[in-house]
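Student: missing the sequence, but the structure's below:
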């Protein structure tokens, strides 16, 4: 079967985090991906730098917490010691 084309399309409702969806909904409306996107750039540009920065920091912190928790579970499952997990001797 020949392939005519491939896209890098993303299904935004399932790709966005709830926090990102809240930010974009606040700026552009809930139905922003339906119909035309003519005003979307202007809508996004109206988001304050402070709101964007707060969103970025929160997303980064969430990612780091998730990564630490996942690594901790994986190391524990493989039999790693508490010293290796925490970097401290725990008596």
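Tutor: Received the coordinates, thanks. Predicted model, so just to flag it, every value in this text is computed and none were measured.

Student: contacts, neighbours, all on C-alpha from now
Tutor: Fine.

Student: packing partners for the longest helix along the chain?
Tutor: The longest helix of the chain (DSSP state H) is helix 49-77. Where contact means 3 or more C-alpha pairs under 8 Å, 6 or more residues apart in numbering; DSSP states H and E, helix 49-77 is packed against helix 82-86.

Student: center of this structure - which residue?
Tutor: residue 17 (5.2 Å; C-alpha atoms, centre = their mean).

Student: With adjacent residues omitted, what lies nearest to residue 46?
Tutor: Nearest in space to residue 46, with sequence neighbours left out and distances taken as C-alpha to C-alpha, 6 or more residues apart in numbering, is residue 27 at 7.2 Å.

Student: before we move on, which element is the one you found in?
Tutor: Assessed by DSSP states H and E, residue 27 sits inside helix 18-28.

Student: Now that helix: average pLDDT?
Tutor: If you average the pLDDT over helix 18-28, you get 91.

Student: Give me the buried positions along it.
Tutor: 21, 23, 24, 27, 28 (16 or more other C-alpha atoms under 10 Å).

Student: so how far is residue 40 from the third one?
Tutor: Summarising the geometry, the distance separating residue 24 from residue 40, computed by C-alpha to C-alpha, to the nearest Å, is 10 Å.

Student: repeat for the last one
Tutor: According to C-alpha to C-alpha, residue 28 and residue 40 sit 6 Å apart.

Student: now swap in residue 11 and tell me
Tutor: For residue 11, the distance to residue 40 - C-alpha to C-alpha - is 17 Å.

Student: more neighbours, these two?
Tutor: residue 40 (16 against 8; other C-alpha atoms under 10 Å).

Student: Identify the residues contacting that one.
Tutor: 28, 32 (C-alpha atoms under 8 Å, 6 or more residues apart in numbering).

Student: What values do phi and psi take at it?
Tutor: Here is the backbone geometry of residue 40 (degrees, to the nearest 10): phi -60, psi -40.

Student: Show the pLDDT at it.
Tutor: For residue 40, pLDDT reads 87.

Student: burial of residue 72, as a residue count?
Tutor: 17.

Student: any idea of the pLDDT on it?
Tutor: pLDDT, residue 72: 86.
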